[in-house]
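A.B. asks: Please work out how this folds:
(2 chains)
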Protein chains: 2
Amino acid sequence: MLEDKSQELTPISKLGEFGLIKHLTENFPIVQNSTRLSIGDDAAIIDSEGQKVVVSTDMLAEGVHFNLGYVPLKHLGYKSVVVNLSDIAAMNATPTQILVSVAVSNRFPVEALEEIYAGIALACNRYKVDLIGGDTTSSNAGLVISVTAIGLENEDKIVKRNGAKPNDLLVVTGDLGGAYLGLQILEREHSVYLANPNMQPEMEGYDYILERQLKPEARTDVKAKLAQLDVLPTSMIDVSDGLASEILHLSDQSKVGFNVYEEKIPMDETTIHTADELNLNPAMAALNGGEDYELLFTIASSDFDKIKNHPDFTIIGHATENNAGNFLIARGSNQLIPLTAQGWDAFLNKE
Amino acid sequence: MLEDKSQELTPISKLGEFGLIKHLTENFPIVQNSTRLSIGDDAAIIDSEGQKVVVSTDMLAEGVHFNLGYVPLKHLGYKSVVVNLSDIAAMNATPTQILVSVAVSNRFPVEALEEIYAGIALACNRYKVDLIGGDTTSSNAGLVISVTAIGLENEDKIVKRNGAKPNDLLVVTGDLGGAYLGLQILEREHSVYLANPNMQPEMEGYDYILERQLKPEARTDVKAKLAQLDVLPTSMIDVSDGLASEILHLSDQSKVGFNVYEEKIPMDETTIHTADELNLNPAMAALNGGEDYELLFTIASSDFDKIKNHPDFTIIGHATENNAGNFLIARGSNQLIPLTAQGWDAFLNKE
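C.D. replies: Numbers count the residues shown, from 1 in each chain, chains lettered A, B, ... in the order given. Presented below is the predicted three-dimensional model:
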């Protein structure tokens, strides 16, 4: 669990609640102009400077969203921030502040919390967001991290899920399916380790997909790239639960259908090879795997020329009339397969 | 745990994550003008309309902040909102929105979550705040509730912890110590119940302090009352961890000392009687008990006449020079007792 296993460990009770929060948050600089008051009062103060405030929250629970058997705490802290920033990016807004609450059992020493907060600090620094509040408490059980992310944007630039129109193009950033296959490799090697702790895990060659699972990034860069192309999406969502589930959300809220071409779904070579190795269909990993944290959006078909050659964006389908349904058009055939949301569900106990 | 124990119970897995959130949040109306987009997108949108945004977050964990053996789930939902609104009130701001995340183990049926959300709905309605986001996830263990509260206020009306000056008067709203003594009665009767489930709990006569513990209210009314008196506090904090701890926070951030008169600390009769019965010092319950969610603030001494006869406010002391220290002046003597923060601490495992 801890990176340096030789250090002396400090019980949390030694610092107490206030001491702990102060200790964990003392090295977080404030970089956003909009942060007028940070940690240390009853509440933080934000000056939205005429922009709208965009706010989202997500909770990660041990044993459900992560397994401390193979997830380093620093990565966990980083990822818990990133998944929330991804929601802000999916509104086409710029993330500016976060609040982080952590519940830990007394089996965790202060050093474990320090590693989580080191990961949070890394994310704050990477994405230029300020940690402005939070809470740290003991729990009778596992580790639970709750993050609220705040972003700012002018009203006319904010993109919701409900603006897609028939014939709009469906576009996705980056590539998909990697995070899910990274998880499969981590679980495979963890099972091997549990069966025989002397076995060395076989992680070589899987770097890309392991990083996609353990240290995903939020596509906060997309906003500027689209602005440079003079493209404003008509609807947008982030890919946290799998492409199929996200398409159904856009369909539901925009009142359109979608046709998606299997052969167009962008996937990394490592993703495809690993899927082959594990006897999985890589497209299924993209459609149902989730946790890729790419952005899925629609643009007017008249914007096609602006976006068609951009290395970050792949057109994977288009919107159809309301009630036309949502379909995957299978590779090498014209077969229409109805899309269903088999996406990741915290209550299905997949693990 | 459940109010109606005869109903049929639904496992959470039957609804799934999206179905569950939709089901639990479908009856939350939007009442605030500033809420431009609520639950259902990647993030909610708030229009701060030129005011500053005030934001705070708190986490409640089973077995640490509450014991489901005697805390009804509806009360828990209500209280988890109130403790966050109290932080917004302590900034002299008006709470407008909340986001709520809940982690529950699969031992909780959907009906348990419905009761928590019924309590949340009651608080939203009572305080006119909008539920605009959140997350619901399973956990491997206990129940954890994380709430983020958002408020709005003009910059010149926001009150921080750092503005108290020497000779300012120290004022507290309502009365103190009740919540702590309510908890002692609940724990006593719960122990009796565990020892002999056929014994009827003796709760009669304790109504006031039980309600202070189980269903506290946030003093969002104070802002308007102070405005009507034309008083703007110089510093303010809410009493969540006990009077002593809060005084030390104001002292630390305002760089002043405080003298507090034991005989001035407002206490309800039930609080005093129950303390007597349990052989506890009622002033100690006020100083160290916490969870009263009253507001503690300082005002310029020139505002004395404006506030002196108001039934909601009690002057309990005054600020002294920086480094003069923080003291309780004992009842019936002039003995100065140094104030120390023995307040409630989630890591001391008091329960």
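
A.B. asks: pretty sure A:H310 contacts A:Q228?
C.D. replies: No. With contact defined as CB atoms under 8 Å, A:H310 does not reach A:Q228; the gap is 9.7 Å. Every residue, glycine included, has its C-beta placed from N, CA and C.

A.B. asks: what about these two, which has more around it?
C.D. replies: With neighbours defined as other CB atoms under 10 Å in any protein chain shown, A:H310 and A:Q228 compare such that A:H310 has more, 16 against 10.

A.B. asks: for that one, what are its contacts?
C.D. replies: Neighbouring residues of A:H310 by CB atoms under 8 Å, 6 or more residues apart in numbering or on different chains: A:225, A:229.

A.B. asks: Quick one: mean pLDDT over stretch A:202-213.
C.D. replies: Across stretch A:202-213, pLDDT averages out at 93.

A.B. asks: Just the buried positions in that stretch, please.
C.D. replies: A:206, A:208-210, A:212-213 (16 or more other CB atoms under 10 Å in any protein chain shown).

A.B. asks: Break chain A into its domains for me.
C.D. replies: Chain A resolves into domains spanning A:12-157, A:169-338 when parsed by automatic domain parsing.

A.B. asks: what's the first-to-last distance across the first one?
C.D. replies: From the first residue to the last, domain A:12-157 extends over 44 Å; the measure is CA to CA, to the nearest Å.

A.B. asks: Kindly report the same for the longest one.
C.D. replies: One end of domain A:169-338 to the other measures 19 Å (CA to CA).

A.B. asks: what about that domain, distance to the chain center?
C.D. replies: The chain centroid and the centroid of domain A:169-338 are separated by 12 Å, computed with CA atoms, centre = their mean, to the nearest Å.

A.B. asks: ok so, going back, turn the buried residues of stretch A:202-213 into TSV, including secondary structure and distance to chain B.
C.D. replies: Shown next, in TSV, are the buried residues of stretch A:202-213 (DSSP: H, G, I helix; E, B strand; the rest coil; distance: CB to the nearest CB, whole Å):
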residue	secondary structure	distance to chain B
A:Y206	coil	27
A:Y208	helix	26
A:I209	helix	24
A:L210	helix	24
A:R212	helix	20
A:Q213	helix	18
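
A.B. asks: Out of the domains of chain A, flag the one nearest B:T94.
C.D. replies: When the domains of chain A are compared by CB to CB, domain A:12-157 sits nearest B:T94, at 12.0 Å.

A.B. asks: Report the mean per-residue pLDDT for that closest one.
C.D. replies: 92.

A.B. asks: Work out the gap between it and the centre of the chain.
C.D. replies: That offset, for domain A:12-157, works out to 14 Å (CA atoms, centre = their mean).

A.B. asks: in chain A, which spans are strands?
C.D. replies: Using DSSP state E, the strands found in chain A span residues A:35-37, A:44-46, A:52-61, A:94-104, A:130-138, A:144-153, A:169-173, A:235-238, A:257-261, A:295-299, A:313-320, A:326-329, A:336-338.

A.B. asks: How about the contacts made by the closest residue to A:L131 other than its chain neighbours?
C.D. replies: Leaving aside its sequence neighbours, A:L131 sits nearest to A:F28 (CB to CB, 6 or more residues apart in numbering or on different chains; 4.5 Å). Listed by CB under 8 Å, 6+ apart, the contact set of A:F28 reads A:38-39, A:121, A:124, A:130-131.
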